[in-house]
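Peer 1: kindly return the folded structure for what I paste below:
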Amino acid sequence: MDNDGLRLQAYLAQAGVDSRRKCEDIVKSGRVEVNGRVVMAPGERIGEEDEVRLDGRLVKPMRRKIYIALNKPSGYISSNKDDKDRPVARDLIANVPQRIYNVGRLDYMTSGLLFFTNDGDFAQLISHPSTHLEKEYVVTTKKVIPEELMKQFMAGIRVNGEFYKAKSYRMKGPHTVHIVLEEGRNQELRKVFLSRSITVKKIHRVRIGSVTVKGLQPGHYRNLKESEVDRLRDLARAKGKRKDRKRGKS
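Peer 2: Here you go, the predicted model:
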């Protein structure tokens, strides 16, 4: 094969299969054939003349890239399908026949800004933990939120052996706080509050990087502007470079 071709996982990502990281797992699982033979090496180079099939279906890189911002309501799964037949966020996006997938996740009961795309490189860049792209949430609780807990969260807090750290916070009332995370983990906010026996009523993501959910009603979506996509890429790359420089100094 042509050594100047795309690596297989990048080829699949550009075909809209999934993010580059997930495409690596797909290749390693033996589901991909190149010119009629199963290939399990994600780094294998693919040239223009090569035929690539996933589960027997021919796949090719897509020319038109799609970037969508959705205001996900609570009670929807951040996925294209669900084994338990729960509502999925992808179904809220109509008139988009191309295969798109969510960039990162929001918990089932968490609402707010969620991106969808068919650009695997974009998905990988925006969602990768190393970029530390800011994500802002509004958290509403049943009990009064102790500011001491927020200060501990800023300094770093350990819950059941896991370490969580907020970048910043802003109290909006005794039961409401805006929290900015750079490396959000599964159920992180709920776990932090429950560690102090504080029940969360609502979590709503209002911002990812430079894009906000303002103007989008629950269940509605819009195409991201080219300038917004470029800005998100720039922010993610800049964050990654700063983290690399810090690691180099340590």
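Peer 1: please count neighbours and contacts with C-alpha atoms only from this point.
Peer 2: OK.
Peer 1: can you give the domain ranges for this protein?
Peer 2: Listed domain ranges for the chain are 6-58, 132-208 (source: automatic domain parsing).
Peer 1: mean pLDDT for those: which is lowest?
Peer 2: When the domains of the chain are ranked by mean pLDDT, domain 6-58 comes last with a mean of 92.
Peer 1: please state the offset of it from the chain centre?
Peer 2: 22 Å (CA atoms, centre = their mean, to the nearest Å).
Peer 1: over to stretch 130-150?
Peer 2: So, by CA atoms, centre = their mean, the centroid of stretch 130-150 is 18 Å from its chain's centroid.
Peer 1: and that stretch, which residues are buried?
Peer 2: 130-141, 145, 150 (16 or more other CA atoms under 10 Å).
Peer 1: longest strand anywhere in the chain?
Peer 2: Across the chain, the longest stretch assigned as strand under DSSP state E is strand 200-208.
Peer 1: which ones are touching the residue nearest to I93 when sequence neighbours are not counted?
Peer 2: Spatial nearest neighbour of I93, excluding adjacent residues (CA to CA, 6 or more residues apart in numbering): Y221 at 7.0 Å. Counting by CA atoms under 8 Å, 6 or more residues apart in numbering, Y221 makes contact with 68-71, 93.
Peer 1: now do whichever strand or helix holds V138 against strand 200-208, angle only.
Peer 2: Counting by DSSP states H and E, the element that carries V138 is strand 135-141. Going by axes from the mean of the first three to the mean of the last three CA atoms, to 10 degrees, strand 135-141 is angled at 160 degrees with respect to strand 200-208.
Peer 1: separation between K81 and K142?
Peer 2: Per CA to CA, to the nearest Å, K81 is found 32 Å from K142.
Peer 1: scratch that, G16
Peer 2: 41 Å.
Peer 1: same question for E182.
Peer 2: Counting by CA to CA, the gap from E182 to K142 is 25 Å.
Peer 1: could you do D119 as well?
Peer 2: For D119 relative to K142 (CA to CA), the value is 40 Å.
Peer 1: for P97, same thing?
Peer 2: Counting by CA to CA, the gap from P97 to K142 is 42 Å.
Peer 1: show me where the protein has helices.
Peer 2: Using DSSP state H, the helices of the chain run over residues 8-14, 20-28, 120-127, 147-155, 188-194, 226-249.
Peer 1: who are the packing partners of the fourth one?
Peer 2: What that stands for is helix 147-155. If contacts are counted by 3 or more CA pairs under 8 Å, 6 or more residues apart in numbering; DSSP states H and E, helix 147-155 sits against strand 168-173.
Peer 1: and what of the second one?
Peer 2: In terms of contact count using 3+ CA pairs under 8 Å, 6+ apart, helix 20-28 is assigned the packing partners helix 8-14, helix 120-127.
Peer 1: out of those helices, which one sits most buried?
Peer 2: Burial of the helices and strands packed on helix 20-28 is given as mean neighbour count (mean count of other CA atoms under 10 Å); helix 8-14 ranks first at a mean of 27.
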